[in-house]
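>>> got a structure for you, letters missing:
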């Protein structure tokens, strides 16, 4: 992402490149990939524009925060049940009003 403003960068699918016939060694990977691109044997993968990537990042972060909040609520419920207080039988949401 840092280089995309200065030069055209391609994200290549490794599975597709592996299916292209030819000898490939770890030492000459970059040369082999350059030849595949030069001869048009591989296509770049879709990389969404920056606003969509930012939206995806925010959505993933929100999902992570919601999961963490749920995990902490379940820990609190378990702690209360271990001490003999069973709120889940009387309330639907432990952290609610």
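Nice, I can see it. These numbers come from a predicted model, not from an experiment. Residues are numbered from 1 along each chain as shown.

>>> all the helices of this protein, in order from the start?
Secondary structure of the chain (DSSP state H): helices at 14-19, 29-38, 50-82.

>>> among these, which is the most enclosed?
helix 29-38 (a mean of 13; mean count of other CB atoms under 10 Å). Where you see a C-beta, it was placed from the backbone N, CA and C, and this is true even at glycine.

>>> thinking again about what came up before, what would the helices of the chain look like in TSV with mean pLDDT and distance to residue 97?
Formatted as TSV, the helices of the chain follow (pLDDT from 0 to 100; distance: least, CB to CB, whole Å):
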stretch	mean pLDDT	distance to residue 97
helix 14-19	75	52
helix 29-38	82	59
helix 50-82	95	15
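
>>> turn these into CSV, including distance to residue 92.
Listed next are the helices of the chain as CSV, based on distance: least, CB to CB, whole Å:
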stretch, distance to residue 92
helix 14-19, 47
helix 29-38, 56
helix 50-82, 12
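
>>> indicate which one of these is closest to residue 3.
Closest approach to residue 3 among the helices of the chain (CB to CB): helix 50-82, 13.2 Å.

>>> list phi and psi for the closest residue to residue 16 other than its chain neighbours.
Excluding its sequence neighbours, the residue lying closest to residue 16 (CB to CB, 6 or more residues apart in numbering) is residue 42, at 6.2 Å. The phi/psi pair for residue 42 (degrees, to the nearest 10) reads phi -130, psi 150.

>>> settle this for me: residue 42 is touching residue 12, isn't it.
Yes. Contact criterion CB atoms under 8 Å: residue 42 and residue 12 qualify, at 5.5 Å.

>>> need the overlap of contacts for the two.
Listed as contacting both residue 42 and residue 12 by CB atoms under 8 Å, 6 or more residues apart in numbering are residue 33.

>>> for this structure, list the residue farthest from the centre, please.
Here the chain reaches farthest from its C-alpha mean at residue 84, the gap being 40.3 Å by CA atoms, centre = their mean.

>>> and that residue, how close does it get to residue 94?
For residue 84, the distance to residue 94 (CB to CB, to the nearest Å) stands at 15 Å.
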